[in-house]
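> Requesting a structural model of the entry that follows:
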Amino acid sequence: MVVDTTAAVTESSARPRWLGAGLPLLAGGAVAGGLALLHFRDPHTSGSYGYCPFYELTGYWCPGCGGLRGLHNLTDGRILDAIQSNVLLLPLTLGFIAWWGTWLVRGWRGNPVPPRLPQVLPKSALWMALAFLIVFTVVRNTPWGTWIAPV
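Numbers count the residues shown, from 1 in each chain. Alright, predicted model coming up:
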């Protein structure tokens, strides 16, 4: 009589699902901690988190200017104020949540490697995103783009 022990070995050596989800949960906890800091320490006060180096050197707003104020507004539940601080903040936040959720689900299923952006988007889309950020930066620093300038 032959006893098959391979099934017993693979079952005992299988990693628990929560181990694969550990790193995404740790990263999510770090982001939650940063958001808690932003919630309780208001970035609307000038210099509370330092100053944007791009703005200090050039006098122009970068694509991220207003992002901290917008995230603070989001943690307060003021979505329209967040959009007014930086119009790109809400779509980027939703995209990050989707990316993090994919990482968490993949980790739970046993593939803990985070999905890389080039695997998700084609190279042409990355170039288009870079071109969009450059155009966005130029437009928000012109008189006709004041509606997307940070408040």
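> In this structure Arg41 contacts Ser48, no?
Yes. Between Arg41 and Ser48 a contact is recorded at 6.4 Å, counting by C-beta atoms under 8 Å. (Each C-beta comes from the backbone N, C-alpha and C, glycine too.)
> And Leu19, how far from Gly110?
Using C-beta to C-beta, to the nearest Å, one obtains 9 Å as the distance from Leu19 to Gly110.
> no, scratch that, I was asking about Leu90
Taking C-beta to C-beta as the measure, Leu90 falls 33 Å from Gly110.
> the more surrounded of the two?
More crowded of Leu90 and Gly110, by other C-beta atoms under 10 Å: Leu90, with 15 against 12.
> what's that one in contact with, if anything?
Residues near Leu90 by C-beta atoms under 8 Å, 6 or more residues apart in numbering: 70, 74, 79, 82-83.
> all helices for the chain, in order.
Assigned by DSSP state H, the helices in the chain fall at 6-13, 17-20, 22-40, 53-58, 67-75, 79-85, 89-108, 117-120, 123-140.
> Could you tell me the least trusted of those?
Per-stretch mean pLDDT for those is lowest at helix 6-13 (a mean of 50).
> For Tyr49, give me the backbone phi and psi.
Taking degrees, to the nearest 10, you get phi -120, psi 20 for the backbone angles of Tyr49.
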